[in-house]
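Participant: task: produce atomic coordinates for the following.
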Amino acid sequence: MKLSQYFLALLCPIILLSSCKKSTDEVAADTKSTFSIEFENQVNGSPLVLNTTTYKNAKGEDFKINVFKYYVSNIKLSKADGTTYLIPESYFLIDASKAELTNITLKDVPTGNYTKIEYTIGVDYARNFAGAQTGALDPINGMFWTWNSGYIFVKLEGTSPQSLAPGNTLTFHIGGVTDPNNTIRTFATEINAANPLRIRTDGKPNMHFIVNAAALFTGKTDVSFATLNMTMGGANSVIVANNYANGLFRLDHIHN
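Facilitator: This is a model prediction of the structure:
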């Protein structure tokens, strides 16, 4: 009898612990919560330091970056069963010069486990022609072409000794939404099923992305600053957009 009581006393905490673990991972129906995304800007694995640090492109040419800004929009989450959730009005401007603009918060997201995330690099066609807008899409942010009626999706400015432009400047303003010079690109990545994005009412997970600014200059086409040092839409912007479509973002980890 005493032996039975001993085993029962030993077993109860284990049962209680497993029960607690199960309950904390349960998803309440029809509930919503919040998560955040951090964008860590780098250049080929090194921290992006504006104005002072010298980097090399795929051609071995030196360059510095003074401005690095880009739009992330129309964020969509998917579950393992194929159901998706498009976060409404998800337009964000990421600016490497402002730490507060490298972290974004997504609110009122249905709870659940998400195994994929995708988003637009830039701004969708409709919002390019929607007139005066506010927030991240406000023209005051310096990401709107008043002369071309459209948004700059990715802006990188800097210098390179190899640039033949006045002052050895680099000016890459990537935008355009009409063929053959459409530069809207979509990024998508699967999330490890063993550690999905867990949206819960009692937690606020964080996704951490590495953003490689050098991806503008390599991928499908290695860019030499001696021949391409300025683009503001058009065919050369398509070359750059095709480069960064797959190399700009990488999901590094998730803190659930």
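Participant: check N148 and give its pLDDT.
Facilitator: Note for N148: predicted pLDDT of 72.
Participant: tell me the phi and psi of the closest residue to it other than its chain neighbours?
Facilitator: Of all residues not flanking N148 in the chain, G233 sits nearest, at 6.5 Å (Cβ to Cβ, 6 or more residues apart in numbering). Placement of C-beta: from N, CA and C, glycine included. Dihedral angles of G233 (phi, psi; degrees, to the nearest 10) stand at phi 90, psi 170.
Participant: how about the CA coordinates for the lengthiest strand in the chain, as PDB?
Facilitator: Identified as the longest strand of the chain according to DSSP state E is strand 62-78. Extracted in PDB, the C-alpha atoms of strand 62-78 (Å, rounded to 0.1, in the frame of the first residue of the first chain):
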ATOM      1  CA  ASP A  62      34.400  49.300 -52.800                       C
ATOM      2  CA  PHE A  63      31.300  51.200 -51.700                       C
ATOM      3  CA  LYS A  64      29.700  53.000 -48.800                       C
ATOM      4  CA  ILE A  65      26.000  53.300 -48.000                       C
ATOM      5  CA  ASN A  66      24.500  56.600 -46.900                       C
ATOM      6  CA  VAL A  67      20.800  55.700 -47.300                       C
ATOM      7  CA  PHE A  68      19.000  52.400 -47.100                       C
ATOM      8  CA  LYS A  69      15.200  52.300 -47.000                       C
ATOM      9  CA  TYR A  70      12.600  49.900 -48.300                       C
ATOM     10  CA  TYR A  71       8.900  49.000 -48.100                       C
ATOM     11  CA  VAL A  72       7.400  45.800 -46.700                       C
ATOM     12  CA  SER A  73       3.700  45.400 -47.400                       C
ATOM     13  CA  ASN A  74       0.700  43.100 -47.700                       C
ATOM     14  CA  ILE A  75       2.000  40.600 -45.100                       C
ATOM     15  CA  LYS A  76       0.400  37.200 -45.400                       C
ATOM     16  CA  LEU A  77       0.600  34.300 -42.900                       C
ATOM     17  CA  SER A  78      -0.200  30.700 -43.700                       C
END
